[in-house]
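Engineer: whatever this is, show me its structure:
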Amino acid sequence: MSARFGPAGNSDSFSRVHRSSLAAPGWIAGRGLDCYEYQCGKGVHVGEDTARKVGENAVEAGISLSLHAPYFINLANPDPEALKKTVGYITGACLAASWMGAERVVIHSGALMKRSRQEALETARASLREVIAACDGAGFGHIALCPETMGKINQLGDLDEVLELCTLDERLIPCIDFGHLYARSLGADDGQKAFVRMLDRVEEVLGTERASRFHSHFSHIEFTPKGGEKCHRTFADDGGFGPDWAPLAAEIARRGWSPTFICESAGTQAEDALEMKKIYQEALAAQE
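Structural biologist: Prediction:
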């Protein structure tokens with residue numbers, strides 16, 4: 001097994017040529033990539049026929065699928081009505097993922113809402129239990145939910161918080177967004193020592209088998225000193241935006257792990273995903 005690479009949604013270069021995401025799996029495979037994350041961040045608006053066709057095209061092209069659930073999910077909201085909406089958003093995302101044959105659904109952890117981090121985490125744990133029960137009841141137990149590490153300092157979702165959520169059920173897989181962790185740490189979570197520390201922590205909490213197949217988002221991120229994440233950048237941007245991909249690629253290759261890396265660069269996600277794969281393959285070759 002080896003790591004897989006692909007874009008989050010459609011690159012500008014794809015959209016200049018194609019009007020429909022139905023063409024995305026074949027286009028992605030033609031560029032030597034392995035996976036595709038279908039974007040439902042603004043709501044699940046894809047119909048069953050389209051979703052099934054995306055899935056069929058992905059199977060034909062040999063592309064594995066994941067799906068990003070709506071951005072406005074907040075597991076940490078204590079309001080019971082908000083929890084009902086959250087359950088609906090996530091089960092709706094799982095329904096679309098099931099139509100497509102997507103293996104994973106990425107979900108946001110939530111916001112602190114002027115509470116302590118521990119209070120927000122406890123609420124999120126309780127909410128996620130309800131979500132898991134609802135997904136099981138709806139027949140979506142085969143889909144892995146992936147709580148995501150978040151980029152703004154006032155959001156729930158540092159690495160330890162996401163790992164804590166993932167201890168609730170063995171089917172939960174962390175979505176480790178290394179750009180987000182870089183931003184919320186104001187650039188500290190970068191470089192070989194930081195990546196070793198973070199990956200060791202994932203393995204310590206979840207065990208080697210689950211840690212080795214984590215889900216991931218990666219891009220260069222611009223941040224502000226007070227808030228954390230400001231915006232996504234591209235590999236071509238000059239300005240010193242991080243994190244640095246090469247030492248992370250080398251560490252994944254050294255461990256022999258097989259995570260899924262979804263590139264979220266701003267408009268060049270397919271091109272940058274291919275660059276990530278190239279650097280990773282060079283790191284693999286160096287291990288031989």
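Engineer: give me the low-pLDDT residue ranges for the chain?
Structural biologist: Nowhere does the chain drop to pLDDT under 70.
Engineer: where do the helices sit along it?
Structural biologist: Taking DSSP state H as the criterion, the chain carries its helices at 12-15, 24-30, 48-61, 80-100, 117-137, 159-166, 178-184, 192-206, 208-211, 245-255, 269-287.
Engineer: figure out which of those is closest to A69.
Structural biologist: Nearest to A69, of all the helices of the chain, is helix 80-100, at 3.8 Å by C-beta to C-beta. For glycine as for every other residue, the C-beta is placed from the backbone atoms N, C-alpha and C.
Engineer: quick check: buried residues in the closest one?
Structural biologist: Residues 82-83, 86-87, 89-100 are the ones in helix 80-100 that count as buried (16 or more other C-beta atoms under 10 Å).
Engineer: residues in contact with it?
Structural biologist: Helix 80-100 is contacted from outside by 38, 40, 44, 46, 48, 51-52, 54-55, 58, 65-67, 69-70, 72-75, 77, 102-105, 107, 127, 130-131, 134-135, 138-140, 142-143, 145, using C-beta atoms under 8 Å, 6 or more residues apart in numbering.
Engineer: CA atoms only: put it into PDB for me.
Structural biologist: Only the C-alpha atoms of helix 80-100 are listed here, as PDB (Å, rounded to 0.1, in the frame of the first residue of the first chain):
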ATOM      1  CA  PRO A  80     -30.700  20.600  20.800                       C
ATOM      2  CA  GLU A  81     -32.200  22.100  17.600                       C
ATOM      3  CA  ALA A  82     -28.800  22.700  16.200                       C
ATOM      4  CA  LEU A  83     -27.900  19.100  16.900                       C
ATOM      5  CA  LYS A  84     -30.900  17.900  14.900                       C
ATOM      6  CA  LYS A  85     -29.700  20.000  12.000                       C
ATOM      7  CA  THR A  86     -26.200  18.700  12.400                       C
ATOM      8  CA  VAL A  87     -27.500  15.100  12.300                       C
ATOM      9  CA  GLY A  88     -29.500  16.000   9.200                       C
ATOM     10  CA  TYR A  89     -26.500  17.600   7.400                       C
ATOM     11  CA  ILE A  90     -24.200  14.600   8.100                       C
ATOM     12  CA  THR A  91     -26.700  11.900   7.300                       C
ATOM     13  CA  GLY A  92     -27.500  13.800   4.100                       C
ATOM     14  CA  ALA A  93     -23.800  13.900   3.200                       C
ATOM     15  CA  CYS A  94     -23.600  10.200   3.900                       C
ATOM     16  CA  LEU A  95     -26.500   9.500   1.600                       C
ATOM     17  CA  ALA A  96     -24.800  11.300  -1.200                       C
ATOM     18  CA  ALA A  97     -21.600   9.500  -0.400                       C
ATOM     19  CA  SER A  98     -23.400   6.200  -0.500                       C
ATOM     20  CA  TRP A  99     -24.800   6.900  -3.900                       C
ATOM     21  CA  MET A 100     -21.300   7.700  -5.100                       C
END
